[in-house]
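**Q** Take this sequence and fold it.
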Amino acid sequence: MDLRTIFFTILFQSLIGVNALLEPYHDYVTGLTDCVVKLVEEYERQVLEKTVDITVINMNNDLQLSAIHQVKGARFVSRQFFWDANNINNVIYIVMCKDYHELASGLNKITSDQYWNPSARFIIVMMNLNEYSLHNLSDLLHTYNIFKVSVISRHGDKYAIYKHNFTKPGACLKAGHLKFWSWCSDYCSGKLLPPLYSGSIRGCRYKFIAHNLWPFTNFDSKVKGTEQYLFTLFEKYYGVNIEIQEYNKVDKYGKPFDNISQIMLKKLVHNKFEGALGGYSVQSVYGGNISYGYPYKVDHVYYVLAHSNYVDPWFAMLTQCSWIFYGVVIVFVCYCILARYLAIFHTPGDFSRNALIVFGYLLNKYVLKRTPSGWAPALALLVLMFTSFMIPYAIQAKLYSLSTRPVRGFEPKVPSDLDNYQAILHADWVRRYLFVGHRICATRIGCLQALARRSQTHQYTMSSNSYYQVYRWKVTDEYCNFVTYALKEPYTTVLRAIYLRRGSVLLESLKRLTLQVADTSLLVRYDQFLARRARMLCKPHRPVVMFVPASLEKLYFAFIVLIVGCCLSVLLFICEVWAG
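**A** Numbering: from 1, shown residues only. Model prediction:
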């Protein structure tokens, strides 16, 4: 036989054998592709959006991507398990893997994506899935809060679909409910399939971590903080059990942890707790596999300063009423000219007496009888008499007011007045904001106390309105009067929120409750209750008075003005009688 004939005979037989092997493989690929395409189309109908972002992960030749790309309204992003964290929103994930170990390693990597969405629809194609791997897979999906999932695995010459089925309506969302649902062939042919029961959070127990930060959380007494009160409402409304565990702030050597807020959030990223409490604000620095609900409070951060000391009444009058004294001088000169040239008195030598009248000494009847008739002298005399009564009494009234209601020294009113002031800040503020020449205090109440002790120094601190409304009652004088004050213009605004694991089953329920609480102002009233309670706990060391009492010594100069005026009036009267 010719060698060429033998070669072509062997090649032809080989092609026949390869074709016989590829035919069932092609059938497997086609069956798997049809199953995945129908699941994608079903998910698209449930989403009800024009376009759906689909991320395909770790693809291989077992799936015909061209058939999936023909699905109307789908946009695809193809990745591997070791991709870099890019910001892409995902609605459907299609994941392919060999076995459970490859999937576990891959999910651990992709959760670093900023827009990782475990609440999306998942289609996981796992080639090797046995009964032991099914149990581990159920635990793995529960760890990452993946419940909307269809797992496809090959069994012999068929593909099986596994889904979460909670056996009865309202069963608690937890691991162990990933069950066989249907064969891909039956699903694609449109056969009647058994119903699936969705789970519920009612009756479930979840563990949260928190640090003792009043007024948000409190572990020192039975009075609940604002966030604890919110979760009390959440437990009653949704029938869940929330366990809030206090996080220890010190290590085994008794040294306080630095940056405790970040440490607690890392425990959420590692799936050790369901959520974290303790006055968290919505910030981009809190990255990782975590999410947050709707902000339950809009909180403002203010500049807080210590009140300045009271000033002397006469000094306060000179600084506040200087325009009055300038006005008195002008009026004095004008009235003297009027008294001189309008000839109120008959004799020109009465000029000195006119000057005394301008200062406010009463006219006697003898002088009144000597005044000429006419509208011009009468008008000038009326103005002189009115001024003579008003000026001394206005001065005395101002002195009395400044003695009973003392005036403080200069106090900044706007942030631009704080250019030469030093900041006293808590450690958390120093890490998040830039302040030049600041001092660090250990606690927030310690910042206010340090500020009150150095009331005469140019220093200030920062405090949110939630802290300040409660803590300011702990920094008062002996009459429970505030020794600190806040500027009206806030430094910044923060949104208070509660952080949860990414895709937590509590997230949507917590959002709904937050909206309901905001509509009814329950948290606002509870904050007012905490502020009133803090006020009641402030006990004055002396009897409370409505104003600061003033001794007669502070009114000494006011009495001197009155007595000297009376003496001069009497002396003037005697001189006029003696002169005849």
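**Q** From Ile124, how far out is Asp220?
**A** 47 Å (Cβ to Cβ, to the nearest Å). Glycine gets a C-beta too; all of them are placed from N, C-alpha and C.
**Q** Those two: who's more crowded?
**A** Higher neighbour count among Asp220 and Ile124: Ile124, with 22 against 7, using other Cβ atoms under 10 Å.
**Q** what's the more buried one in contact with, if anything?
**A** Counting by Cβ atoms under 8 Å, 6 or more residues apart in numbering, Ile124 touches Val95, Met96, Cys97, Leu103, Val149, Ser150, Val151, Ile152.
**Q** Let me have those in JSON lines, extended by secondary structure, pLDDT and neighbour count.
**A** Converted to JSON lines, those look like this (DSSP: H, G, I helix; E, B strand; the rest coil; pLDDT from 0 to 100; neighbours: other Cβ atoms under 10 Å):
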{"residue": "Val95", "secondary structure": "strand", "pLDDT": "87", "neighbour count": "23"}
{"residue": "Met96", "secondary structure": "strand", "pLDDT": "85", "neighbour count": "22"}
{"residue": "Cys97", "secondary structure": "strand", "pLDDT": "85", "neighbour count": "22"}
{"residue": "Leu103", "secondary structure": "helix", "pLDDT": "88", "neighbour count": "25"}
{"residue": "Val149", "secondary structure": "strand", "pLDDT": "89", "neighbour count": "20"}
{"residue": "Ser150", "secondary structure": "strand", "pLDDT": "89", "neighbour count": "21"}
{"residue": "Val151", "secondary structure": "strand", "pLDDT": "90", "neighbour count": "24"}
{"residue": "Ile152", "secondary structure": "strand", "pLDDT": "88", "neighbour count": "22"}
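**Q** Ile445: which of the residues you listed is nearest?
**A** Val149 (48.4 Å; Cβ to Cβ).
**Q** Quick one: mean pLDDT over the host helix or strand of Lys511.
**A** Assigned by DSSP states H and E, Lys511 falls within helix 507-520. The average pLDDT within helix 507-520 is 88.
**Q** in it, what's buried?
**A** Under the neighbour-count criterion of 16 or more other Cβ atoms under 10 Å, helix 507-520 has Leu507, Ser509, Leu510, Leu513, Thr514, Val517, Ala518 buried.
**Q** Against which helices or strands is that helix packed?
**A** Helices and strands touching helix 507-520, as assessed by 3 or more Cβ pairs under 8 Å, 6 or more residues apart in numbering; DSSP states H and E, comprise helix 226-238.
**Q** Same question for the helix it packs on: list its buried residues.
**A** Buried, per 16+ other Cβ under 10 Å, within helix 226-238: Thr226, Glu227, Gln228, Tyr229, Leu230, Phe231, Phe234, Tyr238.
**Q** Also stretch 476-483?
**A** So for stretch 476-483, counting by 16+ other Cβ under 10 Å, buried means Thr476, Val483.
**Q** Give me the local confidence score for the residue lying closest to Val311 once chain neighbours are set aside.
**A** If the residues on either side of it in the chain are set aside, Val311 comes closest to Gly409, at 5.3 Å by Cβ to Cβ, 6 or more residues apart in numbering. For Gly409, the model assigns a pLDDT of 76.
**Q** looking at it, Gly409 is touching His307, isn't it?
**A** No - at 9.1 Å, Gly409 and His307 do not qualify as touching, with contact defined as Cβ atoms under 8 Å.
**Q** These two: who's more crowded?
**A** Shown here are Gly409 and His307; by other Cβ under 10 Å, His307 has more neighbours (16 against 13).
**Q** where's the more buried one relative to Asn481, distance?
**A** Distance of His307 to Asn481, computed by Cβ to Cβ: 9 Å.
**Q** re earlier: any residues touching the helix or strand following the helix holding Lys511, and which ones?
**A** Note on helix 507-520: by DSSP H and E, the next helix or strand toward the C-terminus is helix 522-537. With contact meaning Cβ under 8 Å, 6+ apart, helix 522-537 is reached by 215, 223, 226, 229-230, 233, 296-297, 466, 469-471, 473-474, 517.
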